[in-house]
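K.L.:
What would the 3D arrangement of this be:
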Amino acid sequence: MFSDYIDIFYMTAAALFIFGLKYMNHPDTARKGNLLSAGAMLMAILVTLLDHEVVSYGMIVAGLVVGGVAGVVWARIVKMTDMPQMVAIFNGFGGLASWLVAYSEISRLTPNLDHFTTVVLVLALLIGGVTFSGSMVAFAKLQGLVGGAPTLFKGQHLLNAILGVVVLALGAVLLASPGAWPLFVLVGLIALLLGVLLTIPIGGADMPVVISLLNSYSGLAVAMTGLVLSSPVLITVGSLVGAAGLILTKVMCDGMNRSLTNVLFGGFGTEAAEPGEVPVAAEGGEGQPKSATVDEAVAMMKAAKSVIIVPGYGLAAAQAQHAVREMGDLLAKNGTTVKYAIHPVAGRMPGHMNVLLAEANVPYPQLFDMDDINDEFEETDLSIVIGANDVVNPAAKTNPSSPIYGMPVLDVEKSKQVIVLKRSMNPGFAGIENELFLMDNTVMVFGDAKETVNGFVTGLAGK
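P.N.:
Predicted coordinates for the structure are as follows:
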């Protein structure tokens, strides 16, 4: 009798997923949305386990234990700065799960495969395989296990196109001979190869965009699996993830003023630079930045009535968010108006920097998106750039020959004074010099961001 209500429970879970996604649109309700979605997944799992078609729970319990332990451990040890890598792994495992389920269904249904099921299985193998191997390459690049620079070779795109045509041809042959399971194996292997070949020509700076796209792929793979298994909840959830991933990918591309085609095939970006040596103090000059000591920077902060803090990935890498919050609190205590300017790609994914600052209890009303705060820089006494580079480079607006020309950037250079915290003068991921660093109203404070900000905190507190 329970089986009569299974679809109702599944559709309820699917509806909860939709509401959970809606709640995640705003930080005030994001936690509720996350809990709602987790509850929906728990409901779907429990309903599946109670289904009469489950005849053995041994492997299921083993999988729950292994997956549960791995999830708890990763959630506790992974740093916020490494969250994109974790998302890449999750995407990859989602693709791998769909890939393996497809083979399980092929083994169960062969040779009694109709044309619709055959097409869906080929798509599940293709999308799942590309998602898994592509996500592993993205993880390796972000984690520094392999070089972050694009890997290009002659005839690369032609090879990818040929492999795509081969998959289509194999799919056509399988429609005529559904029982030819070795061809399914070949489709799955080509998919794994395609995932690698499609990801290696993309530079490390663009890996977050690729991860977002692969997240969409993982959703599509789940939807294909749902069609094979006739599971409404998998179809719904997979479609939601697929659509959300595509929207996020577009948001990130818009944030860099680049097309998805350019990201995937442009070979843009450089190898991530080593920190480099900290430059000696300089008074500026032709092609040289002006540097300042911590005490000099603190004096500038005390004199400012309005301050905009511009965080970048360097802040996240240095784990300086808590020190930055202390600095902001002290500035506010001294009567200074404090705001944070958040570029869409300030971290490694949209919203990444917001979450990082929220972790340090930075008041959300102080966080402003680029479009909401860019007009305020001109009236601001002091902007403090912490570990940001390309997203504050005026060349994006003034130099048509620059590779980042047209990219929306924060108008930091319009501030009356600018302090830039940076470890060295090494360029950002785009591999170009930053004109902001050489401007007359800019001073550089070189060193580790966390140590430098802690020095600011000490100076502002009068310790």
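K.L.:
what about the host helix or strand of residue 236, average pLDDT?
P.N.:
Residue 236 is part of helix 232-256, with elements assigned from DSSP states H and E. Summarised as a single mean, pLDDT over helix 232-256 is 83.
K.L.:
just stretch 357-370 next, same as before
P.N.:
For stretch 357-370, mean pLDDT is 87.
K.L.:
Stretch 449-463 now?
P.N.:
The pLDDT scores in stretch 449-463 average 90.
K.L.:
Can you mark which positions in it are buried?
P.N.:
When burial is assessed from 16 or more other Cβ atoms under 10 Å, stretch 449-463 yields the following buried residues: 449, 450, 452, 453, 454, 455, 456, 457, 459, 460. All C-beta spots, glycine's among them, are computed from the backbone N, C-alpha and C.
K.L.:
Let me see the residues that make contact with it.
P.N.:
294-295, 297-298, 301-302, 314-315, 317-320, 323-324, 326-327, 330-331, 334, 386-387, 421, 423, 445 (Cβ atoms under 8 Å, 6 or more residues apart in numbering).
K.L.:
Would you mind writing the CA trace of it as CSV?
P.N.:
Presented in CSV, the C-alpha positions along stretch 449-463 are these (Å, rounded to 0.1, in the frame of the first residue of the first chain):
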residue,chain,number,x,y,z
ALA,A,449,47.4,40.5,4.1
LYS,A,450,46.6,39.0,7.5
GLU,A,451,49.7,40.3,9.2
THR,A,452,49.3,43.7,7.6
VAL,A,453,45.6,44.0,8.6
ASN,A,454,46.5,42.9,12.1
GLY,A,455,49.0,45.7,12.2
PHE,A,456,46.2,48.1,11.2
VAL,A,457,44.0,46.8,14.0
THR,A,458,46.8,47.4,16.5
GLY,A,459,47.4,50.9,15.2
LEU,A,460,43.7,51.8,15.2
ALA,A,461,43.1,50.4,18.7
GLY,A,462,46.1,52.5,19.9
LYS,A,463,47.8,49.4,21.4
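K.L.:
mind checking how far residue 48 is from residue 240?
P.N.:
For residue 48, the distance to residue 240 equals 18 Å [Cβ to Cβ, to the nearest Å].
K.L.:
Who has more neighbours out of those two?
P.N.:
More crowded of residue 48 and residue 240, by other Cβ atoms under 10 Å: residue 240, with 19 against 16.
K.L.:
Now do the more buried one against residue 246, distance only.
P.N.:
On the measure of Cβ to Cβ, residue 240 and residue 246 end up 11 Å apart.
K.L.:
again, but for residue 451
P.N.:
Counting by Cβ to Cβ, the gap from residue 451 to residue 246 is 41 Å.
K.L.:
immediately after the helix or strand of the chain with the lowest mean pLDDT, which helix or strand?
P.N.:
None of the helices or strands of the chain scores lower by mean pLDDT, DSSP states H and E than strand 283-285, at a mean of 49. Scanning forward in sequence from strand 283-285 by DSSP H and E, the next helix or strand is strand 288-290.
K.L.:
hang on, the earlier thing: reformat the buried residues of stretch 449-463 as CSV; add secondary structure and distance to residue 222.
P.N.:
Shown next, in CSV, are these (DSSP: H, G, I helix; E, B strand; the rest coil; distance: Cβ to Cβ, whole Å):
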residue, secondary structure, distance to residue 222
449, helix, 39
450, helix, 40
452, helix, 45
453, helix, 42
454, helix, 45
455, helix, 49
456, helix, 47
457, helix, 46
459, helix, 53
460, helix, 50
